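>>> fold the following.
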Amino acid sequence: MISLAFVFVTVVCDTPLSLPFLEIHMTIDPQTLAEHIRQISEHERKVIVHLLQRKVSVSNTNTVFDASLTFGQRLADQVAAFGGSWTFILLFFGVMVVWILLNVAAGRTFDPYPFILLNLVLSMLAALQAPVIMMSQNRQAARDRLDAQHDYEVNLKAEMEIMALHTKMDELRQAQWDELIRLQRAQLDLLQELQHGSNRQKTE
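Alright, predicted model coming up:
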């Protein structure tokens, strides 16, 4: 974090001042700056580039992620979404009830008790549905990582913008102090000149 703050104040804020708010004092030179740039991560460099170019880093991660999905991945997500809904539960429960009634009440049964064919269908459905759901969960985890990365970049940029504001405020405050000191010196010089003139008039 100190390396990032060093690069930020040096490059973004464009100031050769030390960093008293971080309790570090460094002599800024190209070698030191290059060393600290090598220490920061790729995401932090991206944030600094966005700050330098005044680009907006906020983007819709859902749109970016959905644009990279293939047809099979979209189909797996839809199957997992349908398989985890009340619609699927009620529909499949109805199918099982109809299956059992047909084989119990009808004269000719194609799957008599204990419904071995129904158990086979259920096992095949579970065997196919489990990897589809796992694929969808893996993509959800990837989406969460993308969201976390985006949140980190946004928070980092906001923190650096606040640091820039603090730095600019310190510069403005220092400039005001310098101007105030200059005015006070000018007033003291003017008072001294008036006092010398008054003394000369008294001596004459």
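>>> pull the longest helix from the chain.
What stands out as the longest helix in the chain, according to DSSP state H, is helix 116-203.
>>> how about the secondary structure of Tyr113?
Three-state call for Tyr113 (DSSP: H, G, I helix; E, B strand; the rest coil): coil.
>>> for this structure, which spans come out with low pLDDT?
Counting by pLDDT under 70, the chain shows low-confidence ranges at 1-41, 43-44, 46-59, 106-108, 201-204.
>>> can you list the domain ranges for this structure.
Following automatic domain parsing, one gets these domains for the chain: 2-62+150-203, 63-145.
>>> okay, how far is it across the last one, tip to tip?
From its first residue to its last, domain 63-145 covers 15 Å (CA to CA, to the nearest Å).
>>> burial of Met160, as a residue count?
Using other CB atoms under 10 Å, Met160 has 22 neighbouring residues. For glycine as for every other residue, the C-beta is placed from the backbone atoms N, C-alpha and C.
>>> how near is it to Ala148?
Here Met160 is placed at a distance of 19 Å from Ala148 (CB to CB, to the nearest Å).
>>> again, but for Leu90
With CB to CB as the criterion, Leu90 and Ala148 are 36 Å apart.
>>> kindly report the same for Leu183.
For Leu183, the distance to Ala148 - CB to CB - is 52 Å.
>>> cool, Gly83 as well?
Distance from Gly83 to Ala148, by CB to CB: 27 Å.
>>> one more: His196?
Distance from His196 to Ala148, by CB to CB: 71 Å.
>>> more crowded one of Gly83 and Ala148?
A count of neighbours by other CB under 10 Å puts Gly83 above the other of Gly83 and Ala148, at 18 against 11.
>>> dump the residue contacts of that one.
Shown in contact with Gly83 (CB atoms under 8 Å, 6 or more residues apart in numbering): 129, 132-133.
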